[in-house]
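Q: need a structure here:
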Amino acid sequence: ILLDKDGKRKHTRPTFSGQQIFALEKTFEQTKYLAGPERARLAYSLGMTESQVKVWFQNRRTKWRKKHAAEMATAKKKQDSETERLKGASENEEEDDDYNKPLDPNSDDEKITQLLKKHKPGGGGLLLHTPEGEASA
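A: From the prediction side, this is the model:
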């Protein structure tokens with residue numbers, strides 16, 4: 001028995017055996033909450049007090065919630081980035097609509113040049129012929 005500086009009994013942290021922890025974890029996988037009779041049976045079978053089992057489950061649920069919340073946050077970030085990526089791809093597709101439309105044979109070369117510059121930096125290295133018959137890049 002340990003005493004604190006005032007001579008009162010000091011609570012020590014219980015050390016559970018590997019077998020006890022294994023059984024507690026297995027039970028926790030099946031159910032996150034134990035009712036009174038279940039808790040009493042588990043405590044008796046593991047040689048623990050009901051209070052120890054109760055507190056162990058409380059602590060384990062807290063750990064589980066934190067992990068679950070972190071996993072959910074990671075999944076949400078991944079989903080948000082995928083949504084942004086798809087949104088960006090969708091916006092690019094809208095921009096590409098002009099590029100993918102058949103060209104009007106009556107359109108002027110300036111429109112064609114702008115479309116090519118928009119989608120192929122530097123005009124894509126294509127030569128365009130102006131109405132005067134001069135080549136331009």
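
Q: burial count for Q20?
A: 19 (other Cβ atoms under 10 Å). All C-beta spots, glycine's among them, are computed from the backbone N, C-alpha and C.

Q: show the pLDDT at it.
A: Model confidence at Q20, given as pLDDT, is 95.

Q: outside of stretch 18-31 itself, list whatever touches it.
A: Residues outside stretch 18-31 that contact it (Cβ atoms under 8 Å, 6 or more residues apart in numbering) are 16, 34, 38, 42, 45-48, 53, 56-57, 60, 64.

Q: ranges for the helices of the chain?
A: For the chain, the helices defined by DSSP state H occupy 18-30, 36-46, 50-100, 109-119.

Q: other SSEs contacting the second one?
A: Secondary-structure packing of helix 36-46 (3 or more Cβ pairs under 8 Å, 6 or more residues apart in numbering; DSSP states H and E): helix 18-30, helix 50-100.

Q: nearest to K8, of the ones you listed?
A: For K8, the closest of the helices and strands packed on helix 36-46 is helix 50-100, at 19.2 Å, according to Cβ to Cβ.

Q: average model confidence for that closest one?
A: On average, helix 50-100 scores 82.

Q: give me the angle between it and helix 18-30.
A: 50 degrees (axes from the mean of the first three to the mean of the last three Cα atoms, to 10 degrees).

Q: who does helix 50-100 touch, helix- and strand-wise?
A: For helix 50-100, the packing partners by 3+ Cβ pairs under 8 Å, 6+ apart come out as helix 18-30, helix 36-46, helix 109-119.

Q: let me have those helices in TSV, extended by distance to A75.
A: TSV is the format used below for the helices and strands packed on helix 50-100 (distance: least, Cβ to Cβ, whole Å):
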stretch	distance to A75
helix 18-30	21
helix 36-46	32
helix 109-119	35
